[in-house]
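> Sharing a sequence plus its predicted fold:
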Amino acid sequence: MLWSGELTQGKMAEILKGIIEEWDPKRGFGFLKCGEQRIFVHVKDFVVRPQAPMAGDRVAFVMGEDAKGRACAQKVEALSARSSLKALHFVQLTGLLILPVLAVNAIPIDFGILAGWIFVTSVISWFLYRKDKESAQKGAWRIRESTLHLLELAGGWPGAFLAQRKLRHKTAKGSILFVFWAIVMAYQLLALDYLIGWRITKGLGAAIKPVPQQHRSNGFREPAPSGNGIIPME
């Protein structure tokens, strides 16, 4: 665990487990139950918090004291991902897959090969998300965000989508979510563009095509040649 070997008041910190019994999201604190004890816990004392705490979460912690000497939970780590994959998550994913599936089906390549590639990369993305969460909980080396994004870009974004919701991992950091959704939207746009005959790409190409420069005479008119081909002198 994260706190192995740490000392509290000269003794080995004892890792306790409990369940958040009450939580005030607006004020950022609540109470957890450990045996018969009711212990105060503040959001700032979480060391691993993939999502906002709420009643029912299982946590691990060590006992400590606040500034006033009152007992409280410290170095708190969420143990259980209370959320699980729900029907709504699969409905959302199905909606995001409609355009890519239609586009893949229209490509003159074996559908099974492309579908298999998406499946494999999605499974890898899922396991890397799980591995990264386990590493975060143990304080071990983490998987680079760029690695996760490369897999998503390679086609594993459906697996990443489900992993984020099942594992409650990578759901609170805005920069990660921005890149993830940018990749998902890129897939939607690319699929739509292919299905309508690349009209979007052609329209953008026409819009940025350089306009030929017109001859500028600066107000002077070039004299016309005479019948013998000689331009008369003014």
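Happy to help now that I have it. Predicted, not measured: the structure shown is a model, and the values here were computed from it.

> now L32, what's its secondary structure?
strand (DSSP: H, G, I helix; E, B strand; the rest coil).

> Next one: it relative to I39, how far apart?
5 Å (Cβ to Cβ, to the nearest Å). The C-beta positions use only the backbone N, C-alpha and C, and glycine is treated the same way.

> pLDDT wise, what is the residue most central in space within the chain at?
Note on the chain: the residue nearest the mean C-alpha position is L177, at 3.0 Å, using Cα atoms, centre = their mean. Listed pLDDT for L177 reads 92.

> intersection of neighbour lists for L32 and I39?
Common contacts of L32 and I39 (Cβ atoms under 8 Å, 6 or more residues apart in numbering): G18, F61, A73.

> Closest one of those to L190?
F61 (46.5 Å; Cβ to Cβ).

> just to revisit the earlier point, the shared contacts of L32 and I39 into CSV, with extra columns for neighbour count?
Shown next, in CSV, are those (neighbours: other Cβ atoms under 10 Å):
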residue, neighbour count
G18, 22
F61, 26
A73, 25
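
> Pull out the buried residues from stretch 124-144.
I124, S125, W126, L128, Y129, D132, K133, A136, Q137 (16 or more other Cβ atoms under 10 Å).

> pLDDT on whichever strand or helix holds the first one, on average?
Spelled out, that is I124. I124 is located in helix 111-138, with elements delineated by DSSP states H and E. For helix 111-138, the mean per-residue pLDDT is 90.

> any idea how far L153 is from the closest residue in space to L128 that isn't next to it in sequence?
Among residues not flanking L128 along the chain, I143 sits closest, at 5.5 Å (Cβ to Cβ, 6 or more residues apart in numbering). Distance, I143 to L153, using Cβ to Cβ: 15 Å.

> separation between the residue lying closest to N105 once chain neighbours are set aside and L151?
The shortest distance from N105 to any non-neighbouring residue, by Cβ to Cβ, 6+ apart, is to F111 (5.8 Å). Counting by Cβ to Cβ, the gap from F111 to L151 is 21 Å.

> before we move on, what about E77?
Per Cβ to Cβ, E77 is found 26 Å from L151.

> Going by residue numbers, what spans are helices in this structure?
Using DSSP state H, the helices of the chain run over residues 87-106, 111-138, 145-151, 157-167, 174-195, 199-208.

> Remind me what the second one packs against, helices and strands.
Read that as helix 111-138. Under the contact criterion of 3 or more Cβ pairs under 8 Å, 6 or more residues apart in numbering; DSSP states H and E, helix 111-138 touches helix 87-106, helix 145-151, helix 157-167.
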